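*Asks:* From the sequence below, what's the structure:
(chains A and B)
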Amino acid sequence: MKNRTILVILILLMAAVFASCASSEMTWLNKENSPDPLRQLIGLPSIAVGNLSPVARNPGLELLCTGLYDTPGGYCSYFTDGVPFISFRTGGNVTSVGDGK
Amino acid sequence: MKFRLKNLLNYALGCIKRYKLRTIVVLVCLTMAATLFSSVLFIKDGLVREGQLSLKYAPDLTVQGIATGRQSYIETRYIDLIQRILGVEKVVERIWGYGNIGNTLLVIIGVDLEDPNINLDADYPIESGSFLDPQRNDTVVLGKAVAELIGAKVGNLLTIITESNQARQYTVIGIFNSESSIVNADTILMTKDSARAFFNVPEGKATDLMVFTQEVNPAYYQTQTSFVAREISELPNLRVLTKDLLASAQETTYGARSGFFSIVWYLILISVAIVAFNQTVVVGHESRFEIGLLKALGFSTSDIIQIRLTEGTVLGFLAGSAGIVLGVFYNAVLNAPVLKDVMLGWATLYPAFPVPFMVSAQSIFLTYAITVIPVLFATVIPSWINATVDPDIAMRGARA
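*Replies:* Numbers count the residues shown, from 1 in each chain, chains lettered A, B, ... in the order given. Purely as a prediction, here's the structure:
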């Protein structure tokens, strides 16, 4: 193998890398800029953020949920609280009453 | 100067050929690691971008009902209350859910065809048949991959068992081919009334509400959205999701998944760096005589370091480029077997779909950085140590 062959292989590989990068970036830009009436109609942010979608769970939890469905402490149907826009006047949403004796 | 650089380059390339075993070990190990790493990055970028695209069309706020700490139906009486909030443009009820067809989890969405804001003549990507017709109930439009999955064609009668164990029949009146492979793979559209009947959603309730805020100067968008969200939060048994929250959930999900793989990759990288370093040290010992000879012939320490620098750079870029090309091939042609399942949650419920991937400049830069830099360290340091030794001692030491 000549020295030049190594350089030619390197240049060809790098050209392929940058071509695929340019092509990919262009494709995604086109997708972004062209209107998509279907997505506009359904307004659903795809399977990836569906609340019950197992995609959002970690693999260990997923096994638990698949095996036992939702048991207390399984959090299979657990959701975040959404946006915490309410500031509870009591200092939180838990109030303790009594002297604890 | 030009000839000097050319000679050094030729000598460095000659070294790559001369130390075949080291070259092969370094190239194979680094290429494998770069393939794995770049594939994960490409899939992660693709999924995040796909999510961002969907979010672009998502409502500004999604309002869900909460009961016993879980998501439940939301009462449609909230529509009027939310509509009155300053800054709200419109509120639309939505009925959607998951349906199992065989072992596949699909998203069934009810479209409100009576909504005056819906343009039925819009340019929907219908591949065959037509879009939903307000005059015809019990009809469905399927994503292309869904249709392929269940072998349905336009005009076919589709029977689906609902959650309430009722068999419902729908006529397939159209098949769409969206630009989003995920939407194609998991979406069934039907009229809102059909979806209500399918999921047995009681009248006066909906899955969630889409809240669209009024158009304002982008500088005030966040303030307006926060204000509306705060007002809605005052209503009982509701939770509010903003676009930002959904975007960050996606980022976290896939960021964590790719992070998990990055850790595995780092372990591989460390092993590779050790192998490369070991090989270079062995070769460094073998080439000690050669370095001594070069120095005796008038090569300076910096010349020798330049040779090894060139050699390492070429090896690193070769391995990085080969890894990236293989990564693209793995994603685009092979559809990322194994990795796809891990990135999507190891679930077996999902329909098969071409995994979205994106070859971003950032991923390429990162992959090159972590293939070139370790090799440079592994080649330049030993040669620098050898090159600083007196040529006579270096040649004697190498022969000893």
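*Asks:* B:Leu209: which element?
*Replies:* strand B:208-213 (DSSP states H and E).
*Asks:* by how many degrees do the next helix or strand after that strand and strand B:208-213 diverge?
*Replies:* Using DSSP H and E, the helix or strand that directly follows strand B:208-213 along the chain is helix B:218-233. Per axes from the mean of the first three to the mean of the last three CA atoms, to 10 degrees, the angle that helix B:218-233 makes with strand B:208-213 is 140 degrees.
*Asks:* for helix B:218-233, packing partners?
*Replies:* Applying 3 or more CB pairs under 8 Å, 6 or more residues apart in numbering or on different chains; DSSP states H and E, one finds that helix B:218-233 contacts strand B:61-67, strand B:208-213, strand B:238-242. The way it works is simple: take the backbone N, C-alpha and C, and place the C-beta from them, glycine included.
*Asks:* tell me which residues in that helix are buried?
*Replies:* Of the residues in helix B:218-233, B:224-225, B:227-233 count as buried by neighbour count, 16 or more other CB atoms under 10 Å in any protein chain shown.
*Asks:* ok, of these, which one's closest to A:Lys31?
*Replies:* B:Thr225 (25.0 Å; CB to CB).
*Asks:* B:Ser321: what's it in contact with?
*Replies:* Contact analysis of B:Ser321 by CB atoms under 8 Å, 6 or more residues apart in numbering or on different chains lists A:10, A:13-14, A:16-17.
*Asks:* Ignore what I typed, I meant B:Asp303.
*Replies:* B:8, B:294.
*Asks:* So for the host helix or strand of it, what gets flagged as buried?
*Replies:* In the assignment (DSSP H and E), B:Asp303 maps to helix B:301-332. Using 16+ other CB under 10 Å as the test for burial, helix B:301-332 gives B:303-328, B:330-332.
*Asks:* Output the helices and strands packed on helix B:218-233 as JSON lines; include the columns mean neighbour count and mean pLDDT.
*Replies:* Listed next are the helices and strands packed on helix B:218-233 as JSON lines, based on neighbours: other CB atoms under 10 Å in any protein chain shown; pLDDT from 0 to 100:
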{"stretch": "strand B:61-67", "mean neighbour count": "20", "mean pLDDT": "87"}
{"stretch": "strand B:208-213", "mean neighbour count": "21", "mean pLDDT": "90"}
{"stretch": "strand B:238-242", "mean neighbour count": "22", "mean pLDDT": "86"}
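*Asks:* Chain A is nearest to which of those?
*Replies:* strand B:238-242 (3.6 Å; CB to the nearest CB).
*Asks:* Longest helix in chain A, by number of residues?
*Replies:* helix A:3-33 (DSSP state H).
*Asks:* Any part of the following helix or strand past that one near chain B?
*Replies:* As assigned by DSSP H and E, the chain's next helix or strand after helix A:3-33 is helix A:37-42. Yes: counting by CB under 8 Å from any CB of the partner chain, chain B is contacted by helix A:37-42 at A:37-42.
*Asks:* Of the residues you listed, just say which sits nearest to B:Pro356.
*Replies:* Of the residues of helix A:37-42 next to chain B, the one sitting nearest to B:Pro356 (CB to CB) turns out to be A:Arg39, at 13.8 Å.
*Asks:* Look up how far B:Gln52 lies from that closest one.
*Replies:* 12 Å (CB to CB, to the nearest Å).
*Asks:* Name the residue in the two with the higher neighbour count.
*Replies:* The neighbour comparison of A:Arg39 against B:Gln52 (other CB atoms under 10 Å in any protein chain shown) goes to A:Arg39, with 21 against 17.
*Asks:* which residues touch that one?
*Replies:* Contacts of A:Arg39 by CB under 8 Å, 6+ apart are B:53-54, B:56-57, B:178, B:180, B:183.
*Asks:* name the element the residue nearest to the spatial centre of chain B belongs to?
*Replies:* Note on chain B: the residue nearest the mean C-alpha position is B:Lys44, at 2.3 Å, using CA atoms, centre = their mean. B:Lys44 is part of helix B:20-57, with elements assigned from DSSP H and E.
*Asks:* Could you list every helix and strand in contact with that helix?
*Replies:* Short answer (3+ CB pairs under 8 Å, 6+ apart): helix B:20-57 packs on helix A:3-33, helix A:37-42, helix B:243-286, helix B:301-332, helix B:339-343, helix B:361-387.
*Asks:* how about these in JSON lines, adding mean pLDDT?
*Replies:* JSON lines is the format used below for those (pLDDT from 0 to 100):
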{"stretch": "helix A:3-33", "mean pLDDT": "91"}
{"stretch": "helix A:37-42", "mean pLDDT": "80"}
{"stretch": "helix B:243-286", "mean pLDDT": "68"}
{"stretch": "helix B:301-332", "mean pLDDT": "90"}
{"stretch": "helix B:339-343", "mean pLDDT": "71"}
{"stretch": "helix B:361-387", "mean pLDDT": "83"}
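*Asks:* Domain ranges for chain B, per the record?
*Replies:* Following automatic domain parsing, one gets these domains for chain B: B:2-52+B:249-399, B:91-206.
*Asks:* Oops, could you answer that again for chain A instead?
*Replies:* According to automatic domain parsing, the ranges for chain A are A:1-34, A:44-94.
*Asks:* So for the shortest one, what gets flagged as buried?
*Replies:* Taking 16+ other CB under 10 Å as the neighbour-count basis, domain A:1-34 is seen to contain the buried residues A:6, A:10, A:13-14, A:17, A:20-21, A:24, A:28.
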